[in-house]
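Build me a model from this:
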Amino acid sequence: MVLTVSNSANSYLQFMTVLILFVFVLAVTYWTTKWIAGYQKGKRKNSNLEVIESYQLTGSKYIQIIRVGQKYLAVAIGKDSVTMLTEVPEDQLILTGDMENGQLGFKELFEKIQKKTILEKEDDRNKSE
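Down below sits the predicted model:
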């Protein structure tokens with residue numbers, strides 16, 4: 001009887017130890033990732049290169065608008081090559097204010113996907129009626 005109680009307490013103690021270690025490792029991973037992201041963002045902030053927009057044509061082919069210094073360029077990116085298509089005048093671009101360094105934040109991206117999913121569901125409902 002005493003052996004069963006001590007085994008139960010020992011198992012509980014082992015479980016709590018593993019749980020605490022897991023939470024600790026998760027916290028360290030989270031803070032390390034945030035620190036590295038901030039460091040990378042700081043390095044790119046003063047950069048003369050920025051991807052403004054990217055459009056996927058096929059699985060491995062993209063068209064991107066990039067900013068190089070004060071010029072905007074359209075480039076085609078393939079599996080093994082990058083080809084400059086043309087220079088794009090800044091007044092012809094639609095630059096949105098919610099983009100930071102050419103990338104959407106997680107919240108903005110999540111909201112964009114939610115809106116798209118809702119619109120697709122409404123379209124499907126309208127088509128079936």
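
Pop out the phi and psi values for Thr86.
phi -170, psi 160 (degrees, to the nearest 10).

before we move on, what SS does the nearest residue to Val82 once chain neighbours are set aside have?
Distances taken as C-beta to C-beta, 6 or more residues apart in numbering put Val75 closest to Val82, at 5.8 Å, once the chain neighbours are dropped. Yep, even glycine has a C-beta here, placed from its N, CA and C like the rest. Secondary structure for Val75, judged by DSSP: H, G, I helix; E, B strand; the rest coil, is strand.

ok, Val75 touching Glu87?
No: in this structure, Val75 is not within contact of Glu87 by C-beta atoms under 8 Å, at 10.5 Å.

ok, these two, which is more surrounded?
Legend: neighbour count by other C-beta atoms under 10 Å for Val75 and Glu87, higher for Val75 (17 against 10).

Run through the bridge partners of the more buried one.
Beta-bridge partners of Val75, counted by DSSP bridges, are Gln64, Met84.

what sits against it?
Ile63, Gln64, Ile65, Ile66, Val82, Thr83, Met84, Leu85 (C-beta atoms under 8 Å, 6 or more residues apart in numbering).
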